[in-house]
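> Predicted model, plus sequence, below.
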Number of protein chains: 4
Amino acid sequence: SAKGDSPARIFAPYTIYKGKAALSVVPILPTFTKLDSGDVRVQRSGVMMLTFWPAIGERKYDWERRQKFALSPTEVGSLLNMGRHDSSEFFHDPSMLTSNAGQVRKNLSIKAIDDGTGYFFSLNVHNNILKSNERFSVPITAAEFAVMKTACSFALPHLMGWHRLTNQSPRGLGGS
Amino acid sequence: SAKGDSPARIFAPYTIYKGKAALSVVPILPTFTKLDSGDVRVQRSGVMMLTFWPAIGERKYDWERRQKFALSPTEVGSLLNMGRHDSSEFFHDPSMLTSNAGQVRKNLSIKAIDDGTGYFFSLNVHNNILKSNERFSVPITAAEFAVMKTACSFALPHLMGWHRLTNQSPRGLGGS
Amino acid sequence: SAKGDSPARIFAPYTIYKGKAALSVVPILPTFTKLDSGDVRVQRSGVMMLTFWPAIGERKYDWERRQKFALSPTEVGSLLNMGRHDSSEFFHDPSMLTSNAGQVRKNLSIKAIDDGTGYFFSLNVHNNILKSNERFSVPITAAEFAVMKTACSFALPHLMGWHRLTNQSPRGLGGS
Amino acid sequence: SAKGDSPARIFAPYTIYKGKAALSVVPILPTFTKLDSGDVRVQRSGVMMLTFWPAIGERKYDWERRQKFALSPTEVGSLLNMGRHDSSEFFHDPSMLTSNAGQVRKNLSIKAIDDGTGYFFSLNVHNNILKSNERFSVPITAAEFAVMKTACSFALPHLMGWHRLTNQSPRGLGGS
């Protein structure tokens, strides 16, 4: 769709500022495509977008150096499943299936803190082309994790496109 | 309702591709009927439709050989109730109450994997008329099962028609 | 509001038919009232309406002899709180605060079955004026109870009127 | 936005009346701001507003002496996380970052009752300027706490502005 057609975008990230870095979480809706039949289908699933960016002074953060990690619906399921002593690890290759495959490796690790009071969210981005390696680590309290779980649980059916299923006119009433 | 009246359908299945077969899950909304009084009632409850189809090569699946199993709201309740070591089994006869009753038997089994890391979803379709017996089995990870539970929990009130109850104009404000 | 103003009502009960009686559950939305300021407030909270009616033969039930029990939001909270071995009991006097107070006593009991496979929902209506005493008892499976819990959890914010709060135009955008 | 532009406000507090004080809970939606690009972003997060006011006789309460405490999304996460034997405490300074900082101290404590049957919600407001100290304490049953948790869980994504994300026109369909 042309840019002029686009509806207003809405920015509503859940952002957590900590000593060494900030982390924001925001759902990205799926894209849809219209079929010849007039019906509509999900083209690309939505994701839960995590963005990390570093602290560069007291209460100052450098947005230019941000790194992203997009959780798929199934990876969101993994996060929802985590108990207070569980850990998870996810690996992404943003250039998968291109000639640059394997050049950039992203690794998100979520590790429970031993005493059950929270988690460490750590993102590592290894870039073979730029010869760079960046690492962010943000401690998340149990309360902040509860917000993430509740909000992800709300958002997940939307990432899958199911909110649209349930908005269609009811069958059996002539579409009115 | 005539075909021309139908609203656009939306396709948003949650699909899991595994070695021997694929499994997709999608909610089907209830149908409604208008009463003489002008009021509306649920005619047929919605279902959670499970579709299995076999792999026929590397990353190739044969949609023509798909088999379906429609979970009722109460069967969805059964799935929502499952802990990580529980199993469930459902039996359907698609020709129930017709002269073909008993000719086709469908059996869906959901079995926890011993170590608690997931479930086996297995569908068996025994057809006495075609003298055929088909069996699909798809291993589901705990993360994929968490997606199913969260999405089914979201969808269940819609299968029951309760999303429409809560959209009606509030009482006491003259319907405006 | 006059009858002509009323929007179409929608009937979508979750109904469970068992040997001796049937039980249906359906949410009733709150009523609202318009204030002089133009604002709107909840006048009467919604309820979760339980209806029991007796079996009078094989698959035949007598709707004329139905009895109702309306769970308030807090009583719904009580039901949501129940574990698989818990029991609850509720007492209502439909004529409370009138001259007939105490003449009719309704008592709903929800009792876990010992082996954790379900609950007994029993309603007792004692009517001193009619010198009648009616009792209904419906066994509910764990799967049916899971449907009730999921659906009540969805409905509860609507009973409280909170679905309307969150539908109002966002503040800070001129109400457009 | 000018007063004339404001949409009708809707009042739907969940109110609990007890012997010494009343407590009401109601979500306040976030505010949004329009960017030059035409896009929209959350300006100020929503809150869950708790209001306490004292009893001054049998079933009489003095609304003029109310005190408020606004739970942020993360503090709501803290409440959602509470098990039946947990306690939480929150400190607010309504004049933070002004010249009056430290003059008024608000302290909300939520304490599980030993036998697991409920919680005490206590608000203490210490005002150095007025030389006043007010204290409210309201016993909350487990059922009432379940209502709060379910309703807060529903409201939390709205406090964050995520309900708006999911209402925007789907991408890929030309904004229609």
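Ah, there it is.
> Enumerate every residue touching A:Gly161.
Counting by C-beta atoms under 8 Å, 6 or more residues apart in numbering or on different chains, A:Gly161 touches A:Pro30, A:Phe32, A:Val42, A:Ser45, A:Gly46, B:Ile10, B:Ala12. (Each C-beta comes from the backbone N, C-alpha and C, glycine too.)
> ok, 7 Å please
Contacts for A:Gly161 (C-beta atoms under 7 Å, 6 or more residues apart in numbering or on different chains) come out as A:Pro30, A:Val42, B:Ala12.
> what about the first one, neighbour count?
Using other C-beta atoms under 10 Å in any protein chain shown, the number of residues around A:Pro30 comes to 24.
> so how far is B:Thr141 from it?
Distance, A:Pro30 to B:Thr141, using C-beta to C-beta, to the nearest Å: 21 Å.
> Which of the contacts of A:Gly161 sits closest to chain C?
Nearest to chain C among the contacts of A:Gly161: B:Ala12, at 19.7 Å, using C-beta to the nearest C-beta.
> Could you find the closest non-adjacent residue to that closest one?
Closest residue to B:Ala12 apart from its sequence neighbours, by C-beta to C-beta, 6 or more residues apart in numbering or on different chains: A:Gly161 at 3.4 Å.
> Where does pLDDT dip in chain A?
Chain A contains residues with pLDDT under 70 at A:1-7, A:166-176.
> Residue for residue, what is the longest helix it has?
helix A:142-159 (DSSP state H).
> Just the CA atoms of it, as PDB, please.
The C-alpha trace of helix A:142-159 is given here as PDB (Å, rounded to 0.1, in the frame of the first residue of the first chain):
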ATOM      1  CA  ALA A 142       9.200  -9.900  38.800                       C
ATOM      2  CA  ALA A 143       6.600  -7.100  38.600                       C
ATOM      3  CA  GLU A 144       7.900  -5.900  35.200                       C
ATOM      4  CA  PHE A 145       7.900  -9.500  34.000                       C
ATOM      5  CA  ALA A 146       4.300  -9.900  35.100                       C
ATOM      6  CA  VAL A 147       3.400  -6.800  33.000                       C
ATOM      7  CA  MET A 148       5.200  -8.400  30.000                       C
ATOM      8  CA  LYS A 149       3.400 -11.700  30.500                       C
ATOM      9  CA  THR A 150      -0.100 -10.100  30.900                       C
ATOM     10  CA  ALA A 151       0.500  -7.800  27.900                       C
ATOM     11  CA  CYS A 152       1.900 -10.600  25.700                       C
ATOM     12  CA  SER A 153      -1.000 -12.800  26.600                       C
ATOM     13  CA  PHE A 154      -3.300 -10.000  25.500                       C
ATOM     14  CA  ALA A 155      -1.300  -9.300  22.300                       C
ATOM     15  CA  LEU A 156      -0.700 -12.900  21.200                       C
ATOM     16  CA  PRO A 157      -4.100 -13.500  19.500                       C
ATOM     17  CA  HIS A 158      -3.600 -10.200  17.700                       C
ATOM     18  CA  LEU A 159      -0.100 -11.200  16.400                       C
END
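> Run the angle between it and helix B:142-159 for me.
Helix A:142-159 and helix B:142-159 meet at an angle of 60 degrees, taking axes from the mean of the first three to the mean of the last three C-alpha atoms, to 10 degrees as the criterion.
> outside of helix A:142-159, which residues touch it?
For helix A:142-159, contacts defined as C-beta under 7 Å, 6+ apart pick out A:14, A:16, A:25, A:27, A:29-30, A:45-48, A:73, A:76, A:79-80, A:117-119, A:163, B:147, B:150-151, B:154, D:73-74, D:77-78, D:80-81, D:153, D:156-157, D:160, D:162, D:166.
> List buried residues within those.
Listed as buried from these are A:14, A:16, A:25, A:27, A:29-30, A:45-48, A:73, A:76, A:79-80, A:118-119, A:163, B:147, B:150-151, B:154, D:73, D:77-78, D:80-81, D:153, D:156-157, D:160, D:162, D:166; burial here means 16 or more other C-beta atoms under 10 Å in any protein chain shown.
> Show me which residues of chain A sit near chain D.
Neighbours of chain D within chain A, by C-beta under 7 Å from any C-beta of the partner chain: A:1, A:5-12, A:14, A:27, A:29, A:31-34, A:43, A:142-144, A:146-147, A:150-151, A:154-155, A:158, A:163-164.
> Drop anything exposed from the residues you listed.
Buried members of the residues of chain A next to chain D, scored by 16+ other C-beta under 10 Å, are A:7, A:10-12, A:14, A:27, A:29, A:31-32, A:142-144, A:146-147, A:150-151, A:154-155, A:158, A:163-164.
> I'd like to know how far A:Gly103 sits from A:Ile129.
Careful, residue A:103 is Gln; it's not Gly. Noted for A:Gln103: a distance of 5 Å to A:Ile129, by C-beta to C-beta.
> between the two, which one's more packed in?
Ranked by neighbour count (other C-beta under 10 Å), A:Gln103 and A:Ile129 place A:Gln103 first, with 15 against 9.
> And the more buried one, how close does it get to A:Ser72?
21 Å.
> Then A:Asn128?
Distance, A:Asn128 to A:Ser72, using C-beta to C-beta: 24 Å.
> for the nearest residue to A:Tyr14 once chain neighbours are set aside, which residues make a bridge with it?
Leaving aside its sequence neighbours, A:Tyr14 sits nearest to A:Val25 (C-beta to C-beta, 6+ apart; 4.8 Å). Counting by DSSP bridges, A:Val25 is bridged to A:Tyr14, A:Leu50.
> can you tell me the helix or strand for A:Glu75?
A:Glu75 is part of helix A:73-80 when elements are defined by DSSP states H and E.
> Pull up the pairing partners for the helix or strand following that helix, direction included.
As assigned by DSSP H and E, the chain's next helix or strand after helix A:73-80 is strand A:87-92. Note on strand A:87-92: by DSSP bridges, its sheet partners are strand A:104-112 (antiparallel).
> which helices and strands does the helix or strand following the strand it pairs with pack with?
From strand A:104-112 onward toward the C-terminus, using DSSP H and E, the following helix or strand is strand A:118-127. Judged by 3 or more C-beta pairs under 7 Å, 6 or more residues apart in numbering or on different chains; DSSP states H and E, strand A:118-127 is in contact with strand A:67-71, strand A:104-112, strand A:132-141, helix A:142-159.
> so which of the ones you listed gets nearest D:Ala21?
Relative to D:Ala21, the nearest member of the helices and strands packed on strand A:118-127 by C-beta to C-beta is helix A:142-159, separated by 25.9 Å.
> what is the orientation angle of that closest one with helix A:73-80?
150 degrees.
> Briefly note if the very next helix or strand once past helix A:142-159 comes near chain C.
Following helix A:142-159 in sequence order, the next helix or strand is helix A:162-165 (DSSP H and E). No. Residues of helix A:162-165 are not located near chain C by C-beta under 7 Å from any C-beta, the shortest gap being 13.9 Å.
> Just give me how far helix A:162-165 sits from the chain centre.
Centre-to-centre, helix A:162-165 and its host chain are 20 Å apart (C-alpha atoms, centre = their mean, to the nearest Å).
> Mind checking if that helix is in reach of chain B?
Yes. Interface with chain B: helix A:162-165 contributes A:Trp162, A:Arg164, A:Leu165 (C-beta under 7 Å from any C-beta).
> Please save the CA atoms from that helix in PDB.
Below are the C-alpha coordinates for helix A:162-165, written out as PDB (Å, rounded to 0.1, in the frame of the first residue of the first chain):
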ATOM      1  CA  TRP A 162      -7.300 -13.800  15.400                       C
ATOM      2  CA  HIS A 163      -8.600 -10.500  16.500                       C
ATOM      3  CA  ARG A 164      -9.800 -10.000  12.900                       C
ATOM      4  CA  LEU A 165     -11.500 -13.300  12.800                       C
END
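> got a list of contacts for stretch A:32-50?
By C-beta under 7 Å, 6+ apart, stretch A:32-50 touches A:23, A:25-31, A:68-73, A:76, A:152, A:155, A:158-161, B:8-12, D:170, D:172-173.
> give me that answer again for 6 Å
The contact list for stretch A:32-50 (C-beta atoms under 6 Å, 6 or more residues apart in numbering or on different chains) reads A:25-31, A:69-71, A:73, A:76, A:159, A:161, B:8-12, D:170, D:172-173.
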